[in-house]
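# Predicted model follows, preceded by the sequence.
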Amino acid sequence: MTTTTDLTRRRCKPCEGGVPALSSGAVAELLRALDPAWQLAADSRSIARSFVFPDFARTIGFVNAVAWIAESEGHHPDLEVGYGRCRVAWSTHAVGGLTENDFICAAKVDRLGS
């Protein structure tokens, strides 16, 4: 079984397509390694989690930390940002679904807390 610690120790691998998205079984196993707040999209092509903060400054600090993770890993999420809130969604657009990269980055975001 994969754990959060296992995922946070891994690095993203470059993905430019040509590989299949993860199977539903692999997605289910990796999702169990994340905070339960992560939700699988209805089409199973992305995972997302919403974070709530007491103010705008804390929200932007979190966004900047997520951006640093994304740049470090070369894998970028979709972000929705508002006052006191941020929704982070991971997907590997090149394969039209989820890869291990999405779960690696989600686990690293989990370490940021809320």
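That came through, no problem. Numbers count the residues shown, from 1 in each chain.

# List the neighbours of stretch 14-32 that are in contact with it.
Here stretch 14-32 makes contact (Cβ atoms under 8 Å, 6 or more residues apart in numbering) with 1-2, 7, 38, 40, 44-45, 47, 74-75, 92, 94-101, 103. Quick note: C-beta positions are derived from backbone N, CA and C, even for glycine.

# From the residues you listed, which land in helices?
Using DSSP state H, Leu7, Glu100, Asn101, Phe103 are the members of the contacts of stretch 14-32 that sit in helices.

# so what pLDDT did the second one get?
In other words, Glu100. Confidence at Glu100, expressed as pLDDT, is 95.

# cool, and the last one?
In the prediction, the pLDDT value recorded for Phe103 is 97.

# How are the strands of the chain distributed by residue range?
Applying DSSP state E to the chain gives strands spanning 39-40, 47-52, 78-82, 85-90.

# in this structure, what spans have low per-residue confidence?
Scanning the chain for pLDDT under 70 picks out 17, 113-114.

# then stretch 88-108 to CSV, C-alphas only?
Taking C-alpha atoms only, stretch 88-108 is exported to CSV below (Å, rounded to 0.1, in the frame of the first residue of the first chain):
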residue,chain,number,x,y,z
VAL,A,88,-6.5,22.9,-6.1
ALA,A,89,-7.1,20.4,-8.9
TRP,A,90,-4.5,18.0,-10.3
SER,A,91,-4.7,16.3,-13.7
THR,A,92,-2.2,15.2,-16.3
HIS,A,93,-3.5,17.0,-19.4
ALA,A,94,-1.1,15.2,-21.7
VAL,A,95,-2.8,11.8,-21.0
GLY,A,96,-6.3,13.1,-20.4
GLY,A,97,-6.5,11.7,-16.9
LEU,A,98,-4.5,11.0,-13.8
THR,A,99,-0.9,9.9,-13.4
GLU,A,100,1.3,9.3,-10.3
ASN,A,101,2.5,12.9,-10.7
ASP,A,102,-0.9,14.2,-9.7
PHE,A,103,-0.8,12.2,-6.4
ILE,A,104,2.8,13.1,-5.7
CYS,A,105,1.9,16.8,-5.9
ALA,A,106,-1.3,16.4,-4.0
ALA,A,107,0.6,14.7,-1.2
LYS,A,108,3.1,17.5,-1.1
